[in-house]
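In: Could you look at this predicted model? Sequence included:
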Amino acid sequence: MNYVLPLKVHAVKLAYRKRLLETMPNGYFCLRKGRPAVAVTFDPQDLRCTRHKPRVLLVSSKQGQVYAGKIKTYLDVKHEYDVLLNKWNQLYTFPPPRVNIPLRQPFEQHKMNNEFFNGRNDNLGKYKSDNPTVSEDGVFKSKNELMAADALKQLGIPFKYETELYIDEAEEWINPDFLVDFFEIDRCCYLEVLGMNDKFSYAAGTSTKITSYSKGKYRPGREVIYVHMYDKHNFDKTYFIEQVLSAFNTLIPDNALEWGKDINEMSFQVPEGRSYSA
């Protein structure tokens with residue numbers, strides 16, 4: 001990672017993946033009589049599998065194909081966890097806190113959670129640019145939106161481009177630039193990339209859009225993130241990432257992290273039996 005995660009975000013990402021590793025089939029790929037195989041060392045559905053007595057299946061078999069997909073997912077999550085943990089140990093002299101996953105969020109009237117995100121359709125914007133920007137992530141109206149999508153992808157934050165939102169209080173339909181999903185904490189929010197403020201018509205439209213969000217009680221930094229790009233010719237990726245991660249960090253309640261009375265006496269258990277202590 002070439003950016004620094006805020007402490008609360010970093011802790012939540014570790015805890016979320018640790019929880020996944022504890023609840024999904026664990027294992028590794030190997031060879032059995034020269035043929036590709038998958039060894040299952042833990043399976044919540046079959047507690048007979050252990051690291052000392054793994055269940056070994058040929059990848060070519062029906063069950064082997066099923067477990068091959070599960071173990072690949074496990075190894076991907078394990079890699080993400082290891083990278084996050086190594087980075088934590090580089091940044092801090094104390095172990096990560098305990099975080100209870102799933103995170104309990106305070107009441108939010110719009111109910112913008114993972115279920116809300118998954119239920120939205122995207123690419124619903126009615127305005128079509130004369131010079132769209134095309135990439136593997138989709139078709140965007142501007143270079144800034146393309147660069148924003150690339151940054152979100154780098155951060156591992158799922159997004160949907162131009163969903164549709166009706167705000168009763170403003171009696172208006174709008175198409176937010178992005179709907180982003182902070183899935184580790186079961187929260188999503190709208191993201192607006194604001195630029196071209198040198199053009200009066202665009203600036204006026206931006207002001208109207210922000211007013212509509214306010215009328216609908218979509219709070220800045222909570223249900224909607226505003227990222228102002230004042231230089232239309234240069235997308236400040238570092239600034240964009242800082243703003244998104246700052247909002248992510250704000251959405252994590254301080255009491256979600258349990259440090260204990262004396263942080264120096266804490267220890268942290270991770271998969272494979274390894275213990276990290278201060």
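Out: Yep, it's here.

In: From now on I want contacts and neighbour counts done on CA atoms only, so please keep to that.
Out: Fine.

In: which other residues reach the helix or strand hosting residue 16?
Out: If you go by DSSP states H and E, residue 16 is part of helix 7-23. Helix 7-23 has contacts (C-alpha atoms under 8 Å, 6 or more residues apart in numbering) with 44, 74, 77-78, 80-81, 84-85, 88, 96-102, 184-185, 245, 248-249, 252, 254, 257, 270-271.

In: Mind checking which of the residues you listed are in helices?
Out: 74, 77, 78, 80, 81, 84, 85, 88, 245, 248, 249 (DSSP state H).

In: Residue ranges in this protein under the pLDDT threshold?
Out: Counting by pLDDT under 70, the chain has low-confidence residues at 1, 196-205, 232, 260-278.

In: distance of the residue in it sticking out farthest from the centre from residue 166?
Out: Distance from the C-alpha centroid of the chain peaks at residue 33, with 40.6 Å (C-alpha atoms, centre = their mean). Separation of residue 33 from residue 166 (C-alpha to C-alpha, to the nearest Å) stands at 61 Å.

In: Likewise for residue 144?
Out: Residue 144 is 25 Å from residue 166, by C-alpha to C-alpha.

In: ok, these two, which is more surrounded?
Out: Taking other C-alpha atoms under 10 Å, residue 144 and residue 166 do not tie; residue 144 has more neighbours (21 against 14).

In: Am I right that the more buried one sits in a strand?
Out: No: counting by DSSP: H, G, I helix; E, B strand; the rest coil, residue 144 is not found in a strand; it is helix.

In: Over to the residue nearest to it when sequence neighbours are not counted: give its phi and psi.
Out: Spatial nearest neighbour of residue 144, excluding adjacent residues (C-alpha to C-alpha, 6 or more residues apart in numbering): residue 235 at 6.0 Å. The phi and psi values for residue 235, taken as degrees, to the nearest 10, are phi -90, psi 120.

In: Go ahead and confirm residue 235 touches residue 146.
Out: No: Residue 235 lies out of contact with residue 146 (C-alpha atoms under 8 Å); the separation is 9.8 Å.

In: Give me the more crowded residue out of the two.
Out: The neighbour count for residue 235 versus residue 146, taken as other C-alpha under 10 Å, is higher for residue 146 (21 against 18).

In: quick one: the more buried one and residue 153, what's the gap?
Out: Noted for residue 146: a distance of 11 Å to residue 153, by C-alpha to C-alpha.

In: middle-most residue in this structure, spatially?
Out: With distances taken as C-alpha atoms, centre = their mean, residue 157 lies nearest the centre of the chain, 3.6 Å away.

In: distance of that residue from residue 142?
Out: From residue 157 to residue 142 the distance is 20 Å (C-alpha to C-alpha).

In: Residue 225 too?
Out: 18 Å.

In: neighbour-wise, which of the two wins?
Out: Taking neighbours as other C-alpha under 10 Å, residue 225 and residue 142 compare with residue 225 leading, 23 against 15.

In: The more buried one belongs to a strand?
Out: Yes: under three-state DSSP, residue 225 sits within a strand.

In: in the sheet, who's paired with the nearest residue to it once chain neighbours are set aside?
Out: Distance criterion C-alpha to C-alpha, 6+ apart; nearest residue to residue 225, sequence neighbours excluded, is residue 191 at 4.7 Å. When assigned by DSSP bridges, residue 191 has beta-bridge partners residue 178, residue 225.

In: Tell me how many other residues surround residue 191.
Out: Applying other C-alpha under 10 Å, we find 24 residues neighbouring residue 191.
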